[in-house]
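[1] Next one to model:
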Amino acid sequence: MSLPTQEIPVLEELISIRHKLYALKKDRDSSVDANIINALYKDTVAEVEKLNELRTDDIWNPSSRNRLNDVLDDIMALLSLFYISIGTHRESPAVYVQLVTVERFLEQLAHMGTYTDTILLENEKRLSDIELILYSDQSDTCFVKILKHKLKKCKECLNTLLSSLHDISPSLKPLHESLVDIRKQLSALAQRSNGFTAKDIEEIQTKLRFYDNQKTDLFKSNPKGKALIEGLSEQLHEEAQDLLASTNSVSESLTPIVERLKQIKYQLERMSLTHRWTLRETDLYTYHLQLQEVEKLRHDGKFRDHSSDTVPEGQAMINFLLRGCYRIMTKMLSENIPVAEALMPVYNQLSTVRRCLMEESKWGKPDSVRDLYPYQMKLASIDDLRVNGTFSDKDGNIPEGQAICVALLNECYDMLYELIALADS
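    This next block holds a predicted model:
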């Protein structure tokens, strides 16, 4: 949709805010200033209120979506990651990226038809936590209303998936779990870094034929959930055949998408191993954008060949890779510690000292107090960083995460004193 003239001033202001956020994202030489992020959030809230007035309280109507919405999505994603970066996980702006990631993940589950109570309950718990954050926010701004609207959409999708599981007869539950397990095996094969062979797929197809025979016997009593099992079984046969056709090569038109997703997944996996020490949360924004760009290439649920408008081989591989990327991002966002970026070096050092002291405790009594001197010195050097009992950044500000770091420091001291007492005895 073209941009209405009255929305142009709002768009210009939002583009200015996005440029400022981009500049902060690129600056890796200094920690993120919470005051700047809060100021940009307030500016965004003001522009969203203006937009809401122009659209008469219907800001999220798909029919009125235009370039302005895309810019606003970018800003909300960046603000969300910046709020996580400064340690304010429990504030409304921080939940946007989590909501988008959960929404995409649930859409992938619905599209692929493979999910269990365990997977859905994990996401239900995450959404309940987000709901608590949003409904504790007393500001009642349009920005928060947008987040609540997105939360509502996620919950509706989740409830649809949960209700479909509840509609499965107990007699079909074991078969459903077996088919979900087959999907996991197909997913693992599709995401193998060294590829897979036709024999790998043929072994899975043999299992599917076995379950087809089982299904025929179970369906004689016309149990609840028959249609869901039937649909899942057909989809698995289709995906197995699609992967079998992709063993030598993916369709030429889809090869760039597959290679791009493999690279994204590889980079996300590397980041997930080291993100506690090296990741700045805004680094995830790049991957968030790239996955959105891939999603936009889908038409009617399929990735098509632009020259012939056909559905080429390789659909299953793309879907498995997309789901893998969203799963990693969801996990990384849920594992973030509510400690500001400026305090992360202190937190990481204390976590390492704590692990070392726990290992020392496992071995029982230390040989001598001298063995514990390195821990004493390290804790003393960290303690010396505090001014009037608090850790400050280089500008004298008090970043988020004080309670966590102080509690961790005290725990380390307690463990150290216990070990010293053991050594003295």
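[2] what residues are up against the residue nearest to Ile130 when sequence neighbours are not counted?
    Using Cβ to Cβ, 6 or more residues apart in numbering and skipping residues adjacent in sequence, the residue nearest Ile130 is Val95, 4.8 Å away. All C-beta atoms are positioned from the backbone trio N, CA, C, and that covers glycine. Residues counted as contacts of Val95 (Cβ atoms under 8 Å, 6 or more residues apart in numbering) are 80, 130, 133-134, 147.
[3] Try it again at 10 Å.
    Going by Cβ atoms under 10 Å, 6 or more residues apart in numbering, Val95 touches 76, 80, 83-84, 89, 102, 126-127, 129-131, 133-134, 137, 144, 147, 150-151, 333.
[4] So it lies in a strand, does it not?
    No - assessed with DSSP: H, G, I helix; E, B strand; the rest coil, Val95 is helix; it does not lie in a strand.
[5] Just give the nearest non-adjacent residue to Lys20, would you?
    Lys20 sits nearest to Leu40 (Cβ to Cβ, 6+ apart), 6.1 Å away.
[6] Show the average pLDDT along the host helix or strand of the one you found.
    Using DSSP states H and E, the element containing Leu40 is helix 34-54. Mean per-residue pLDDT for helix 34-54: 92.
[7] So which bits of the next helix or strand after that helix are buried?
    Per DSSP H and E, the first helix or strand lying C-terminal to helix 34-54 is helix 67-85. Buried residues in helix 67-85, counted by 16 or more other Cβ atoms under 10 Å: 68-69, 71-85.
[8] nearest residue to Asn336 other than its sequence neighbours?
    Ile84 (5.6 Å).
[9] before we move on, the earlier item: from memory the residue nearest to Lys20 sits against Ile75, does it?
    Yes - between Leu40 and Ile75 there is a contact at 8.3 Å, judged by Cβ atoms under 10 Å.
[10] Phi and psi next, for the nearest residue to Ile404 once chain neighbours are set aside.
    Of all residues not flanking Ile404 in the chain, Val339 sits nearest, at 5.7 Å (Cβ to Cβ, 6+ apart). Val339 adopts backbone torsions of phi -130, psi 130, taken as degrees, to the nearest 10.
[11] do the same with Val387
    Taking degrees, to the nearest 10 as the convention, Val387 sits at phi -120, psi 120.
[12] So it is in contact with Gln402, correct?
    No - if you go by Cβ under 10 Å, Val387 and Gln402 don't touch, sitting 11.6 Å apart.
[13] In terms of neighbours, single out the busier of these two.
    Gln402 (18 against 10; other Cβ atoms under 10 Å).
[14] Next, find the distance separating that one from Asp33.
    Look at Gln402 and Asp33: by Cβ to Cβ, to the nearest Å, they are 17 Å apart.
[15] ditto for Leu179
    Distance from Leu179 to Asp33, by Cβ to Cβ: 51 Å.
[16] Neighbour count: these two, which is higher?
    Higher neighbour count among Leu179 and Asp33: Leu179, with 22 against 17, using other Cβ under 10 Å.
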